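S.K.: Next come a sequence and a model predicted from it.
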Amino acid sequence: MIAIRETTPADLDFVLEHEHSPAATPYIAVWTREQHLEAIGSPTVDHLLITAAGEPAGYAIYLDLDHPHGSLQLKRIVVSRRGEGIGRAALELIVERGFREHGAHRIWLDMVTTNEPARRVYEAAGFVEEGVLREVWRNEDGVQSLAVMSILDREWEALREAK
């Protein structure tokens, strides 16, 4: 069973291990332990641990819980075990939390344009590409472009009704 809960400081060894993994670093700007601790303690951030059968399996971070127009940024989602459907199931729970618990009107994210597996997961969850920020982020692979994707509350509701 896939679940999400708030991240605690005791979870940070797991978070940092998987954030700094070769599978994640081409796609995210890594944070320090101090940045994660600050996020966990912030009232404007929702730092979540993803669990599978009760064991840590990833994490996600929402920013801008206080956005005046209800536009939440899904800053990061990292899954430690790929190809098992954990990411898809967790994303559904995370998006539901954003709309139901945080009252979002819009949830948005940006992703490296070459990350096709992530794009498929986001599109399956109802996210729509809004545009591309060309060559806006540098990593060890060079300069990367980021696609901005979002889902609106009414789109999410329509998807839920269709299920």
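M.R.: Looks like it came in fine. Numbers count the residues shown, from 1 in each chain.

S.K.: Where do the strands of the chain begin and end?
M.R.: Secondary structure of the chain (DSSP state E): strands at 2-6, 46-52, 55-63, 71-79, 106-112, 128-139, 142-152.

S.K.: Sheet-wise, list the partners of the longest one with their directions.
M.R.: Meaning strand 128-139. The pairing partners recorded for strand 128-139 under DSSP bridges are strand 142-152 (antiparallel).

S.K.: re the thing from before, for my notes, please list the strands of the chain in TSV and give mean pLDDT for each entry.
M.R.: Supplementary listing: those in TSV, determined by pLDDT from 0 to 100:
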stretch	mean pLDDT
strand 2-6	97
strand 46-52	98
strand 55-63	97
strand 71-79	97
strand 106-112	97
strand 128-139	96
strand 142-152	96
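
S.K.: Out of these, which gets nearest to Ala90?
M.R.: Closest approach to Ala90 among those is made by strand 46-52 (4.4 Å; Cβ to Cβ). Where you see a C-beta, it was placed from the backbone N, CA and C, and this is true even at glycine.

S.K.: Just the C-alphas of that closest one, formatted as PDB.
M.R.: In PDB, the C-alpha atoms belonging to strand 46-52 read as follows (Å, rounded to 0.1, in the frame of the first residue of the first chain):
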ATOM      1  CA  ASP A  46       4.600  20.600   2.800                       C
ATOM      2  CA  HIS A  47       7.500  18.100   3.000                       C
ATOM      3  CA  LEU A  48       6.100  14.600   2.500                       C
ATOM      4  CA  LEU A  49       7.500  11.100   2.800                       C
ATOM      5  CA  ILE A  50       6.200   8.400   0.500                       C
ATOM      6  CA  THR A  51       5.900   4.900   1.900                       C
ATOM      7  CA  ALA A  52       5.200   1.600   0.300                       C
END
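
S.K.: Adjacent strands (with direction) for it?
M.R.: Using DSSP bridges, strand 46-52 pairs in its sheet with strand 2-6 (antiparallel), strand 55-63 (antiparallel).
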